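Peer 1: Following is a predicted model, sequence given first.
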Amino acid sequence: KEILHGISGQVCSGEVLAILGPSGAGKTCLIDLLTLEGKGGTYTGDVRLNGIPITPELFTKHCSTVPQVDRLWAFLTVEETLTFAADLLLKSSAEEKKQRVDAIINTVGLASSRHTKCGNQFLKGLSGGQKRRLSLAIALVSSPSVLFLDEPTSGLDAAAAASIMAFLKELAQAANIAICCTIHQPSSAVFHGFDRIMLLSKGRVAYLGPASKTESYFANIGHPVSPGDAIAEHMLNVVNSE
């Protein structure tokens, strides 16, 4: 079975690219290939960074990933979690690592929670949105040029999801990072946090372009958005019916 066919696209520094598509469209398979985590099967083509075919060494040096499920130690605080990550990822001095940790805590908006434990079902700690920000913070420790996220709003309520996407858009522009994420049924607030959209349908690209031009594109191909309908839901309905 062919899962992906003829996929081609790009994401530039300072922008957020969202990969959308109904269940089974190939989103997870694509993000796995982009992050060099493809499992089994046969695939052709390559992934390039600034025109250079990416290798595991290049990926480790310039890219970071944020998993869909937060992988945090419940009994470590925010500061302890990031200090541990810095010790693993950075070769700088202890003082430089501390400065990096302090800067990231402020960047992701966790300054007031720096001494709060991550927590779990048995220990009260960070909220779902705060845990997602901490997962992002871990990925930022190494100052990546490209950031990959697998469904960053999964499991979050509408307000937390919108907040995370607004933060990602601000981060992409402020740090000049290229951000690529998969997303499942985004709300209108979340959708407006994207700069570009890649819409997948049955393993093929149905749309690739600015998020701001999706409505006009679908109107031009005979699928206008009805008044009051969310554009993301409309796009998914169109590709689901074809």
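Peer 2: That came in fine, so what should we check first? This is a predicted model, so every value here is computed, not measured.
Peer 1: give me phi/psi at the nearest residue to F191 once chain neighbours are set aside?
Peer 2: Nearest in space to F191, with sequence neighbours left out and distances taken as Cβ to Cβ, 6 or more residues apart in numbering, is A232 at 4.6 Å. Backbone N, C-alpha and C define where each C-beta goes, glycine included. Torsion angles at A232 (phi, psi; degrees, to the nearest 10) stand at phi -60, psi -50.
Peer 1: I'd assumed G21 was in contact with A232.
Peer 2: No: A232 is beyond contact range of G21, at 10.9 Å (criterion: Cβ atoms under 8 Å).
Peer 1: Counting neighbours, what do you get for the residue nearest to F191?
Peer 2: The tally of other residues near A232 (other Cβ atoms under 10 Å) stands at 24.
Peer 1: Distance-wise, check D32 relative to Q10.
Peer 2: Using Cβ to Cβ, to the nearest Å, D32 is found at 18 Å from Q10.
Peer 1: So which of those two has more stuff around it?
Peer 2: Comparing D32 with Q10 by other Cβ under 10 Å, the one with more neighbours is D32, at 16 against 12.
Peer 1: helix/strand/coil for the more buried one?
Peer 2: helix (DSSP: H, G, I helix; E, B strand; the rest coil).
Peer 1: do T28 as well
Peer 2: The local conformation at T28, judged by three-state DSSP, is helix.
Peer 1: Now do the contacts for it.
Peer 2: 150, 182 (Cβ atoms under 8 Å, 6 or more residues apart in numbering).
Peer 1: Distance of it relative to I138?
Peer 2: Remark: distance between T28 and I138 (Cβ to Cβ) = 21 Å.
Peer 1: Report the central residue of this structure.
Peer 2: Per Cα atoms, centre = their mean, the C-alpha nearest to the average position across the chain is that of L149, at 2.6 Å.
Peer 1: is it true that it touches V66?
Peer 2: Yes: at 4.4 Å, L149 and V66 qualify as touching, with contact defined as Cβ under 8 Å.
Peer 1: ok, and what's touching the top helix by length along the chain?
Peer 2: Counting residues, the longest helix found in the chain (DSSP state H) is helix 158-175. Helix 158-175 is contacted by residues 13-16, 107-109, 127-129, 132-133, 136, 140, 149, 152-153, 156, 177-179, 181, 186-187, 189-190, 193-195 when judged by Cβ under 8 Å, 6+ apart.
Peer 1: Just the ones in helices from these, please.
Peer 2: Checked against DSSP H, the contacts of helix 158-175 include these in helices: 107, 128-129, 132-133, 136, 140, 189-190.
Peer 1: where in this protein is pLDDT low?
Peer 2: 242 (pLDDT under 70).
Peer 1: Just give the closest residue to C118, not the sequence neighbours.
Peer 2: C118's closest residue in space is L72 (Cβ to Cβ, 6+ apart), at 4.2 Å.
Peer 1: now the one you found: how far from C180?
Peer 2: In terms of Cβ to Cβ, L72 sits 23 Å off from C180.
Peer 1: Same drill for these two, tell me which one is more crowded.
Peer 2: Taking other Cβ under 10 Å, L72 and C180 do not tie; C180 has more neighbours (25 against 19).
Peer 1: thought that one was touching S13?
Peer 2: No: judged on Cβ under 8 Å, C180 makes no contact with S13 at a distance of 11.7 Å.
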